[in-house]
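Engineer: Sequence and computational prediction follow.
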Amino acid sequence: MNYLIEIIVFLSLLVTIYLINITNNIYEKILLIISIMIQILFLFIKFINIKKYNIILHFIDLTYFIILAFGIFYFINKYIILLCIILLIITIITRLIYKKCLITNNKNSLIIKIITYILLLIYLYKFIKI
């Protein structure tokens with residue numbers, strides 16, 4: 001578990017960089033650019049081991065869900081939607097296994113669990129509908 005979240009974020013960063021190059025939709029590009037900035041910020045904080053900046057990790061966690069929420073309305077590329085589905089499944093699995101959020105190291109609230117499942121269902125519906 002030591003570097004699991006860092007590996008997941010790094011891999012998703014690589015995929016996000018690829019996806020930004022294949023999409024022509026300006027709204028998708030904007031959300032992906034914001035996502036890249038957040039991913040780089042997260043990796044920077046983790047690798048220089050800043051422990052006292054937990055508020056930034058909470059901001060990153062919140063931004064993750066905000067991007068996914070806006071993506072429901074703006075993501076139309078099937079590969080971007082597939083990435084969202086994969087990330088939500090990874091989020092659910094890791095939170096079930098470790099019983100906490102790997103970004104913030106806090107226990108999961110019921111509301112966050114419900115939001116995660118709802119987002120997953122919506123993205124699955126969007127993916128099937130495409």
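Structural biologist: Perfect, thanks for sending it.
Engineer: now what about stretch 107-121, what contacts it?
Structural biologist: 65, 68-69, 72, 84-85, 88-89, 91-92, 95, 99-101 (C-beta atoms under 8 Å, 6 or more residues apart in numbering). C-beta here means a position set from N, CA and C on the backbone, and glycine is covered the same way.
Engineer: go again using 7 Å as the cut-off
Structural biologist: Identification of contacts with stretch 107-121 by C-beta atoms under 7 Å, 6 or more residues apart in numbering yields Phe65, Leu68, Ile85, Leu88, Ile89, Thr91, Ile92, Arg95, Lys99, Lys100, Cys101.
Engineer: If you count neighbours, what's buried in the helix or strand of the chain with the lowest mean pLDDT?
Structural biologist: Least confident helix or strand, the chain: helix 54-74 with a mean of 91, by mean pLDDT, DSSP states H and E. For helix 54-74, burial by neighbour count (16 or more other C-beta atoms under 10 Å) applies to Leu57, Ile60, Asp61, Thr63, Tyr64, Ile67, Leu68, Gly71, Tyr74.
Engineer: can you give me the strands for the chain?
Structural biologist: Read by DSSP state E, the chain holds no strands at all.
Engineer: Where does the prediction get shaky in it?
Structural biologist: Within the chain, the segments meeting pLDDT under 70 span 1-2, 51.
Engineer: just checking, Ile20 touches Lys29?
Structural biologist: Yes. The pair Ile20 / Lys29 is scored as a contact, 5.9 Å apart, by C-beta atoms under 7 Å.
Engineer: My guess is Thr23 contacts Ile30. True?
Structural biologist: No. Thr23 is not in contact with Ile30 according to C-beta under 7 Å; the separation is 10.5 Å.
Engineer: what about Leu82, neighbour count?
Structural biologist: 16 (other C-beta atoms under 10 Å).
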